[in-house]
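In: build me a model from this:
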Amino acid sequence: MSVNLERRHSRWYEVILFSSLFQFILGFAVVVLLPNWIRWGELLLKLPLTETELNTVIANSIAYAISFFILHKFKRFPGTRSLPFIIPTILTSWLFVLSVLLFLREENYARQVLSYAFILAYVWAFLGYFLGRRYAQPKLALVPYGRALELEDTPHAIVTVLNKADLEGRRYDGIVADLHSTELPAEWERFLASCTLARIPVYHTQQLIESMTGRVKIDHLSENIFGSLLPSGMYSGFKRFFEVLLVLLAAPVWVPIMLLTGIVIKLESDGPMFFIQERVGLRNKDFKVYKLRSMCKDSEKDGAQFAQANDMRITRVGHFIRKTRLDEIPQFINVLKGDMSLIGPRPEQRAFVNQFEKEIPFYSYRHVVRPGITGWAQVVHGYAADADDTQVKIEHDFYYIKHFSLWLDILIVVKTIKTILTGFGAR
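Out: This next block holds a predicted model:
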């Protein structure tokens with residue numbers, strides 16, 4: 001059986017292996033080489049290139065490579081379609097290159113060619129998205145034992161449940177099996193080994209469930225890609241330094257907005273400008289979180305409770321600042337103090353933390369990173385209105401901690417901007 005599989009799938013494996021490289025080279029020809037050819041034509045064949053030609057080719061090459069790399073990185077994360085990120089990614093890439101040229105005071109480059117490449121990058125990206133959408137869903141074969149059947153109805157892939165340990169001549173992008181299942185017969189184990197020898201990817205069920213849902217089941221702890229429970233210490237340090245620098249540089253913008261909004265809050269209703277509340281943060285330590293007050297005075301005199309849709313405690317100004325997330329601005333102070341991060345799990349009140357620690361023994365693992373103003377759970381799931389919603393958000397938080405990285409943070413930033421514009425998840 002392994003010999004037959006090897007013959008059938010060796011070419012298929014090579015196609016998958018080199019598809020990204022082919023996409024990059026073809027896109028490079030369209031986005032980088034074509035505009036230069038339109039501008040200079042056969043002059044490009046006469047080496048060496050002039051300084052203007054060389055600088056223009058290098059600038060467009062760097063911008064294209066950055067945008068290609070970022071858009072492909074985003075595809076790693078579940079529920080992420082590249083369409084919403086095409087415009088900001090390409091715009092940022094070319095602005096970055098242009099900024100470097102301005103910083104270096106380099107004047108020998110063709111602005112017209114840079115503009116052509118910028119436009120062609122959008123055309124190529126959108127064309128690739130709409131043409132590729134038809135073939136974007138992976139084709140998976142499911143081994144019908146253990147938790148693998150949880151993926152049978154997933155909307156993120158074309159799934160075929162195998163009736164016997166044979167692919168029957170069909171091509172699949174991968175095989176999904178619960179490798180920890182005690183029900184898996186020896187015949188199926190030999191089949192999975194044969195698939196691996198034939199270079200057909202075999203995925204563990206847990207890996208695929210997490211990848212397609214953006215959640216980590218909270219029935220057990222799960223190590224990250226480095227085989228550790230601890231997130232990357234190097235990235236944590238870099239993230240902390242960058243966030244403090246960013247908040248300080250942006251202070252001339254957010255401080256006046258915060259003060260003006262606070263004045264409007266004071267004029268509308270009795271009570272303080274700020275709402276200060278105890279929350280639980282890094283290493284399970286309590287801290288005071290600062291927010292602009294969006295509710296009536298003494299809104300939690302009866303104890304901590306979830307905010308509901310159309311909550312009567314929320315003022316008219318409160319509805320607006322919650323929807324636009326202006327009430328979160330004072331948390332930049334928490335970032336400077338080291339209590340919070342710009343991105344991370346939302347900090348909960350001690351009463352809720354104590355409740356969930358009783359229900360989930362390892363709930364405190366959520367506090368291994370700093371809580372954030374925005375996070376994966378906020379942009380994917382929205383606001384938690386009750387205990388059931390909160391449990392789903394915890395699964396999203398565990399996914400963030402497990403995949404703690406620069407690329408996931410960039411994705412969250414882009415999704416947060418979309419959230420602010422649409423008001424998704426606001427209460």
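
In: number of residues surrounding residue 270?
Out: 8 (other CB atoms under 10 Å). Where C-beta positions appear, they are placed from N, C-alpha and C, glycine not excepted.

In: remind me which helix or strand it belongs to.
Out: For residue 270, there is no helix or strand it lies in under DSSP states H and E.

In: got a pLDDT number for it?
Out: pLDDT for residue 270: 80.

In: repeat that for the one 5 residues further on.
Out: The model reports residue 275 with a pLDDT of 89.

In: please apply the same query to residue 61.
Out: On the pLDDT scale, residue 61 gets 94.

In: check which helix or strand it maps to.
Out: Here residue 61 is assigned to helix 51-74, by DSSP H and E.

In: could you give the mean pLDDT of the helix or strand that that helix is followed by?
Out: Per DSSP H and E, the first helix or strand lying C-terminal to helix 51-74 is helix 83-103. On average, the pLDDT along helix 83-103 is 86.

In: please parse this protein into its domains.
Out: The chain resolves into domains spanning 2-135, 139-213, 233-422 when parsed by automatic domain parsing.

In: lowest-confidence stretch among those domains?
Out: domain 2-135 (a mean of 79).

In: can I assume residue 159 sits in a strand?
Out: Yes. Counting by DSSP: H, G, I helix; E, B strand; the rest coil, residue 159 falls inside a strand.

In: so it sits against residue 142, correct?
Out: Yes. If you go by CB atoms under 8 Å, residue 159 and residue 142 touch, sitting 5.5 Å apart.

In: for this protein, which segments count as strands?
Out: Listed in chain order, the strands of the chain (DSSP state E) span 139-142, 158-161, 174-177, 202-204, 274-280, 286-292, 341-343, 372-374.

In: in TSV: these, plus mean neighbour count.
Out: Rendered in TSV, the data for the strands of the chain read as follows (neighbours: other CB atoms under 10 Å):
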stretch	mean neighbour count
strand 139-142	20
strand 158-161	15
strand 174-177	23
strand 202-204	17
strand 274-280	17
strand 286-292	18
strand 341-343	24
strand 372-374	24
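
In: pipe those into TSV and attach distance to residue 319 per row.
Out: Below are the strands of the chain laid out as TSV (distance: least, CB to CB, whole Å):
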stretch	distance to residue 319
strand 139-142	44
strand 158-161	43
strand 174-177	45
strand 202-204	45
strand 274-280	15
strand 286-292	13
strand 341-343	24
strand 372-374	19
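
In: nearest to residue 27 among the ones you listed would be which one?
Out: Nearest to residue 27, of all these, is strand 139-142, at 24.5 Å by CB to CB.

In: sheet partners, orientation included, of that closest one?
Out: Using DSSP bridges, the strands paired with strand 139-142 are strand 158-161 (parallel), strand 174-177 (parallel).

In: output the last one as PDB - backbone C-alpha positions only.
Out: What follows is the C-alpha trace of strand 174-177 in PDB, where atoms were taken according to Å, rounded to 0.1, in the frame of the first residue of the first chain:
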ATOM      1  CA  GLY A 174      -3.900  15.900   4.500                       C
ATOM      2  CA  ILE A 175      -5.100  13.100   6.700                       C
ATOM      3  CA  VAL A 176      -6.700  14.000  10.100                       C
ATOM      4  CA  ALA A 177      -6.600  11.400  12.900                       C
END
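
In: give me the number of residues near residue 200?
Out: Neighbours of residue 200 (other CB under 10 Å): 23.

In: follow-up on the earlier one: need the overlap of contacts for residue 159 and residue 142.
Out: Residues touching both residue 159 and residue 142 by CB atoms under 8 Å, 6 or more residues apart in numbering: 151-152, 176.

In: who does residue 276 form a beta bridge with?
Out: Applying DSSP bridges, one finds that residue 276 bridges with residue 290.

In: go ahead and confirm it touches residue 290.
Out: Yes. In this structure residue 276 lies within contact range of residue 290 using CB under 8 Å: 5.9 Å.

In: thanks a lot, see you next time.
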